[in-house]
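K.L.:
Kindly generate the corresponding structure for this input.
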Amino acid sequence: MRSPEVGGHRPASSYGATSTHYKRVAEKDGKEVPWNQIVKGYEYEKGKYVVLKDEDFERVDLEATQTVDIQDFVNVDEIDPMYFYKPYYLEPQKGGDKAYALLRDALEDSKKVGIAKVVIKTRQYLAGVKPEDGVLVLELMHFADELADPGKLHVPKKVEVGKREMNMAKSLIDSMSSKWNPSKYRDDYREALMEVIEEKVEAGGKEIEEKPKNAPKPTKVIDLVSVLQKSLKQTGAKTRSTAKSRAKHKQPAKKAA
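P.N.:
Sure, this is the predicted structure:
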């Protein structure tokens, strides 16, 4: 099934574009490598590559179209959020308003997501089509083999946690809880970079004198793990101290000579 007359997709988020120049440098001698000596390759074993030419890419080239081919409809709750990673807004072509609204409202009522395939710039993607605030959103998804297996991660499986420790952790979380407000969080790196760019523009592209860095402002950011570890150590120290104290009281009194 193809989505109804999809006119195009626009990123749900955007950044201002900046012009950047890169140099391709050889790792061995640090010399710049010209474009005509750059090749594309695939590492099939550690340190072993097979070179791919333009003809190889043309053999698997996919036609980029403005259609979204829906393969299935599945329940929203069945999809792990880890699969989604980049949203686009969808808009209908001229005359496709009714079909667009029909699919959007039907998905909303049924709590379903359309699982689709779409080609963007000759590359095929898996994607989910879902309604968000009156708009159809095409959200690019990872294929199953692109996600790492969490079972191979070195994480604690099961740890015995005392009731007091759990209450302490919950209390800390409660003290830092608030309502979700996305505008509250800002990209500090991008803002600082834009300040540098604006300064260089005002200086006509000339090198600008580096200003002394101010001491970082105190924030309310808390390292949750560090706080818990510190509290657990203190709790353990108190427990050991209490145990030693009790042991001393239990020791029999020495007889006088």
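K.L.:
So for Phe143, what's the pLDDT?
P.N.:
Phe143 is assigned 92 on the pLDDT scale.
K.L.:
next one: Leu232
P.N.:
So Leu232 comes in at 63 (pLDDT).
K.L.:
just the strands in the stretch 101-250 of the chain please.
P.N.:
For the stretch 101-250 of the chain, strands defined by DSSP state E, counting those that start in this stretch occupy the ranges 112-120, 123-132, 135-141.
K.L.:
Reformat those strands as CSV; add distance to Glu191 and mean neighbour count.
P.N.:
Backbone N, C-alpha and C define where each C-beta goes, glycine included. Listed next are the strands of the stretch 101-250 of the chain as CSV, based on distance: least, Cβ to Cβ, whole Å; neighbours: other Cβ atoms under 10 Å:
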stretch, distance to Glu191, mean neighbour count
strand 112-120, 29, 19
strand 123-132, 27, 18
strand 135-141, 27, 20
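K.L.:
Compare these and give me the one nearest Tyr100.
P.N.:
strand 135-141 (6.6 Å; Cβ to Cβ).
K.L.:
How about residues contacting the closest one?
P.N.:
3, 9, 12, 68, 83-90, 100, 103-104, 107, 115-116, 118, 125-131 (Cβ atoms under 8 Å, 6 or more residues apart in numbering).
K.L.:
run the last query once more with 6 Å
P.N.:
Strand 135-141 has contacts (Cβ atoms under 6 Å, 6 or more residues apart in numbering) with 9, 83-90, 104, 125-130.
K.L.:
Repeat that for stretch 50-57.
P.N.:
Residues from elsewhere that reach stretch 50-57 (Cβ under 6 Å, 6+ apart): 39-42, 44.
K.L.:
If we only consider the residues you listed, which is nearest to Met176?
P.N.:
Tyr42 (45.4 Å).
K.L.:
Fine by me, thanks again.
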